[in-house]
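Novice: Fold the following for me, if possible:
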Amino acid sequence: MTGRVASLWRHPIKSHGREEVACVTLAAGQTMPWDRTWAVAHAQSAASNAAWMQCSAFSRIAKAPKLMAISCTLDEGSERLTLSHPDRPDLTFHPDTEGDTFLSWVAPLMPPDRAASARIVRVPGRGMTDSDYPSVTLCNTASHRAVEQRIGRALSIHRWRGNIWLDGLAPWQEFEWAGQRLRIGAATLEVREPTTRCMATTANPDTGRRDADTLGALDTWGHRDFGVHAVVVEGGKIAPGDGMEILP
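Specialist: This next block holds a predicted model:
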């Protein structure tokens with residue numbers, strides 16, 4: 001069975017906003033452009049601009065569910081971001097030079113019992129993905145519908161914070177792709193492993209409140225995985241409507 005691209009999403013600041021894009025040009029060995037370019041180190045973190053660090057070094061939705069309700073737009077030319085949240089005024093700023101403005105804006109969204117957000121970091125040439133290699137997350141709309149059916153109500157796809165959403169597949173078909181190469185649009189990606197999920201997915205992207213037992217639903221299939229991590233082996237342009245096929 002082959003599929004097609006349903007939508008494309010990037011998350012310029014890890015755990016702080018999402019943005020749909022009309023098309024994307026992937027590069028070999030890189031994350032989706034502008035995906036997790038920045039991350040927010042908390043007060044107990046040693047994260048810096050020097051190297052990738054695991055997700056526990058950063059302020060993230062799993063510990064601060066209100067962050068899930070942030071959406072964003074990025075002006076690539078100026079590298080200025082506009083963040084929106086139902087409980088905060090819109091903020092436009094440059095993550096590299098106006099971090100203090102951002103920290104004041106995000107502080108009311110952070111739980112008082114968690115380490116405060118302290119600084120924004122950016123590792124040149126390395127998106128701060130959860131995987132310790134630059135990855136792109138592929139998600140299957142049929143698997144999402146299966147979770148909705150198990151829970152018994154509609155859910156936003158933004159709970160999963162995927163990059164490339166694919167239509168036309170069987171539920172959980174993506175778990176059969178480990179080690180295989182996929183042609184998506186003009187790019188080739190190699191699937192590495194399932195994406196294991198955490199408490200972040202329980203938060204509602206409209207409200208920032210935990211309101212769905214997504215992990216319990218996944219447990220009924222004997223795992224807590226949704227989507228897969230893939231690496232770009234041949235760069236190329238991808239847009240919604242493009243086909244996806246498994247290469248021999």
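
Novice: When you work out contacts or count neighbours from here on, use the C-alpha atoms and nothing else.
Specialist: OK.

Novice: how does the chain divide up, domain by domain?
Specialist: 3-31+131-246, 39-121 (automatic domain parsing).

Novice: Pipe those into CSV and attach mean pLDDT and mean neighbour count per row.
Specialist: Output for these, formatted as CSV (pLDDT from 0 to 100; neighbours: other Cα atoms under 10 Å):
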stretch, mean pLDDT, mean neighbour count
domain 3-31+131-246, 98, 19
domain 39-121, 97, 18
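
Novice: List the contacts of the most centrally placed residue in the chain.
Specialist: With distances taken as Cα atoms, centre = their mean, the residue of the chain nearest its centroid is R161 (3.5 Å). The contact partners of R161, taken as Cα atoms under 8 Å, 6 or more residues apart in numbering, are 9, 11, 18.

Novice: Please name the bridge partners of the first one.
Specialist: Spelled out, that is W9. Counting by DSSP bridges, W9 is bridged to E20.

Novice: Distance-wise, check it relative to R161.
Specialist: Distance of W9 to R161, given as Cα to Cα, to the nearest Å: 8 Å.

Novice: Common neighbours of these two, please.
Specialist: By Cα under 8 Å, 6+ apart, the residues touching both W9 and R161 are R18.

Novice: Assumed A146 was part of a helix.
Specialist: Yes: counting by DSSP: H, G, I helix; E, B strand; the rest coil, A146 is located in a helix.

Novice: Now for it: which residues touch it?
Specialist: For A146, the contacting residues are P171, by Cα under 8 Å, 6+ apart.

Novice: roughly how far out does stretch 195-210 sit from the chain middle?
Specialist: Chain-centre distance of stretch 195-210: 12 Å, with Cα atoms, centre = their mean, to the nearest Å.
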